[in-house]
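Chemist: Got a predicted structure here, sequence first:
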Amino acid sequence: MTASPFTLAACAEMVYLDLPFVERVERIAARGLQVEMWNWNAPDKDLTALAATGADIGSMTGYLTGDLVTDTGRHDFLESARASIEVAHTLGVGRLNFHGTGLGDQGLPVAPVEHVTGAMWARATLTLQELARLGADASVVFTMENLNLPVDHPGTPFSHPDDTRALVSAIDSPALRMNLDLYHAQIGDGQLIETCRQCLPWIGEIQVADVPGRCEPGTGEINYPRIAVALQQMGYTGVVAMEAWASGDPDRALDAFIDAFTPAG
């Protein structure tokens, strides 16, 4: 069997939903994939049990509260990032994910922003400089994820790939990278291959799901096998993670994802 040129991962929040969380992690790991998860303090997360699985948990949420642009929010954001680093060390997690602001119920921002001002950009830059220092000192990488505004996350600041690239590239630290989510990018921006090319020097990982529906590759309009070939031609060898619902059987969904990102030849 041909091996993928990428490190493949799957989000345990979105597949094997009939199983307890720790069993989802074990099932994903048994497929030879890295595991990703969201908030580490959620009631379904038993950190001791997760650590005992021995699974390669590659990514988790890197903050619990706060934002990038207000004085109180910046303080809370950085304090929760410090707490997340401690958990990451316990679980062996190397990538800590975050967004332009905290997300509440249904993925809606807790502090929606209609217009991102210059002052907000300046405060976000200062916050991310501090975050990058935290990551470098702790030997973890914080990844900033782009989100879509029209469907899932209206009112989220710094939501476009151009926004996350501008912030990450301005700081240009190995401890601060992009989580380029192609599902969100397709809804908000399109031109996925060119977006990957422009962002390539600052990508810490790529997340995928098809559009519409946010299910596994092959269920919608995105030509993920073509994107996989383009990424390989660009020289990308990092993480590609399926952050998608299974449209039916979870194992078949993971099969479709693995096939899409295992280019022939």
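Modeler: It's in. Residues are numbered from 1 along each chain as shown.
Chemist: Measure how buried L176 is and give me the count.
Modeler: Other residues near L176 number 26, with proximity taken as other Cβ atoms under 10 Å. Heads up, the C-betas are built off the backbone N, CA and C, glycines and all.
Chemist: Identify the residues contacting the nearest residue to it once chain neighbours are set aside.
Modeler: Spatial nearest neighbour of L176, excluding adjacent residues (Cβ to Cβ, 6 or more residues apart in numbering): A132 at 4.1 Å. Residues touching A132, when contacts are defined by Cβ atoms under 8 Å, 6 or more residues apart in numbering, comprise 142, 171, 173, 175-176.
Chemist: cool, L33 as well?
Modeler: Contacts were defined as Cβ under 8 Å, 6+ apart; by that measure L33 touches 8-10, 254, 258.
Chemist: Let me know the distance separating it from H89.
Modeler: Taken as Cβ to Cβ, to the nearest Å, the spacing of L33 relative to H89 amounts to 22 Å.
Chemist: Surely P5 and P263 touch.
Modeler: Yes - the pair formed by P5 and P263 meets the contact definition of Cβ atoms under 8 Å, at 7.1 Å.
Chemist: which residues do the two both contact?
Modeler: With contacts defined as Cβ under 8 Å, 6+ apart, the residues adjacent to both P5 and P263 are Q232.
Chemist: just to revisit the earlier point, format the contacts of A132 as JSON lines; extra columns: distance to G94.
Modeler: Rendered in JSON lines, the data for those read as follows (distance: Cβ to Cβ, whole Å):
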{"residue": "F142", "distance to G94": "11"}
{"residue": "I171", "distance to G94": "19"}
{"residue": "S173", "distance to G94": "15"}
{"residue": "A175", "distance to G94": "11"}
{"residue": "L176", "distance to G94": "13"}
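Chemist: ok so M178 is a helix residue?
Modeler: No - under DSSP: H, G, I helix; E, B strand; the rest coil, M178 falls outside any helix and is assigned strand.
Chemist: and it, what does it touch?
Modeler: By Cβ under 8 Å, 6+ apart, the contact list for M178 reads 143-146, 161, 164-165, 168, 199, 202-204.
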